[in-house]
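Peer 1: here you go, sequence then predicted model.
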Amino acid sequence: MPHTPGYFHLHLISDATGETLITVARAAAAQYAKVMPVEHVYPLVRTIKQLDRVLAEIEESPGIILYTLIEENLVEKLENKCRELGLPCLSILGPVLHLFQAYLGAESTHKVGAQHTLNAEYFRRIDALNYTMLHDDGQHADDLEEADVVLIGVSRTSKTPTSIYLANRGVKTANIPLVPGVPLPPQVEGLQHPLVVGLYATPERIVQIRQNRLLGLKVQREDDQYVDRQAVAEEIAASRKLCARHNWPAIDVTRRSIEETAAAVLAYLAERRRQRAS
């Protein structure tokens, strides 16, 4: 199917929030650097009337169609229309559900949005997020023992976004900044329950991020130690020595995304739990 060079239309149709669909579609689209998707996201499509509006947009802007619809009448109408228009159409969940059915020997429940049920896991994630927001940037260090993970690191090592990502996975996460001349809260070095993880990056990367942040905030600092490469290198060296002294794992975040850093933390956490259970 021809499309305008440089971009293509990508229609994502879901009967729930569309989060699963968007994640899969973007992971696939990221493999094609020379062509960009124009996303059309349609969440909560649960009636024929709602689907008709989607089909009208697809006809106006033809492209690839991915969906996570469960209701058979909606699926049938969508696929028939795509065949009529000669457009590629694929169920993201379909092959996985068929695999589960073949192995388990049981039909699926066809429950829309089943992954978003308000169950114990859902409330565990909400509890983790509340804890994490309350314990950002060294706040409320008196109850760090309740955390699952405590992240430490110098300024601009992505401690806060990594903490929030982990919280969304149900992991109670606190983060503590390492500031020159400011002692680490005494509770941290004696923690028993939480996994303490150090985050660090190269001095060049830290300086670059700090300079960009100061420019964005239009802030000038009287001392230049915050963005001085030698001073920053000393900060990082001190943080790594601290981790080594306490046998805390340390992760180089220089070229890692937030998701990759969080995945490394989760791997350390899983290994720690295995060791404690054995």
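Peer 2: Great, that's in hand.
Peer 1: show me where the stretch 51-200 of the chain has strands.
Peer 2: Under the criterion DSSP state E, counting those that start in this stretch, the stretch 51-200 of the chain contains strands at 63-68, 89-91, 149-153, 173-177, 195-200.
Peer 1: so which elements touch the shortest one?
Peer 2: In this case it means strand 89-91. Strand 89-91 makes packing contacts with strand 63-68, helix 72-85 when contacts are defined by 3 or more Cβ pairs under 8 Å, 6 or more residues apart in numbering; DSSP states H and E. (Each C-beta comes from the backbone N, C-alpha and C, glycine too.)
Peer 1: thinking again about what came up before, can you add mean pLDDT and give the strands of the stretch 51-200 of the chain back as a markdown table?
Peer 2: Converted to a markdown table, the strands of the stretch 51-200 of the chain look like this (pLDDT from 0 to 100):
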| stretch | mean pLDDT |
| --- | --- |
| strand 63-68 | 96 |
| strand 89-91 | 96 |
| strand 149-153 | 98 |
| strand 173-177 | 98 |
| strand 195-200 | 98 |
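Peer 1: nearest to residue 124, of those strands?
Peer 2: When these are compared by Cβ to Cβ, strand 173-177 sits nearest residue 124, at 13.1 Å.
Peer 1: that closest one - contacts with which helices or strands?
Peer 2: helix 120-134, strand 149-153, helix 159-168.
Peer 1: quick check: which ranges of this structure have low pLDDT?
Peer 2: For the chain, the stretches with pLDDT under 70 are 1-5, 108-119, 218-223.
Peer 1: the same query, at a cut-off of 80, please.
Peer 2: 1-5, 106-120, 122, 216-224 (pLDDT under 80).
Peer 1: from residue 225, how far out is the residue of the chain positioned farthest from its centre?
Peer 2: What lies farthest from the middle of the chain is residue 84; by Cα atoms, centre = their mean that is 37.4 Å. Taking Cβ to Cβ, to the nearest Å as the measure, residue 84 falls 66 Å from residue 225.
Peer 1: so residue 34: helix, strand or coil?
Peer 2: coil (DSSP: H, G, I helix; E, B strand; the rest coil).
Peer 1: now swap in residue 13 and tell me
Peer 2: strand.
Peer 1: which residues touch it?
Peer 2: Neighbour list for residue 13: 21, 42, 45, 51, 54, 65-69, 78 [criterion: Cβ atoms under 8 Å, 6 or more residues apart in numbering].
Peer 1: what are the bridge partners for the residue lying closest to it once chain neighbours are set aside, then?
Peer 2: Using Cβ to Cβ, 6 or more residues apart in numbering and skipping residues adjacent in sequence, the residue nearest residue 13 is residue 67, 4.1 Å away. Using DSSP bridges, the beta-bridge partners of residue 67 come out as residue 13, residue 91.
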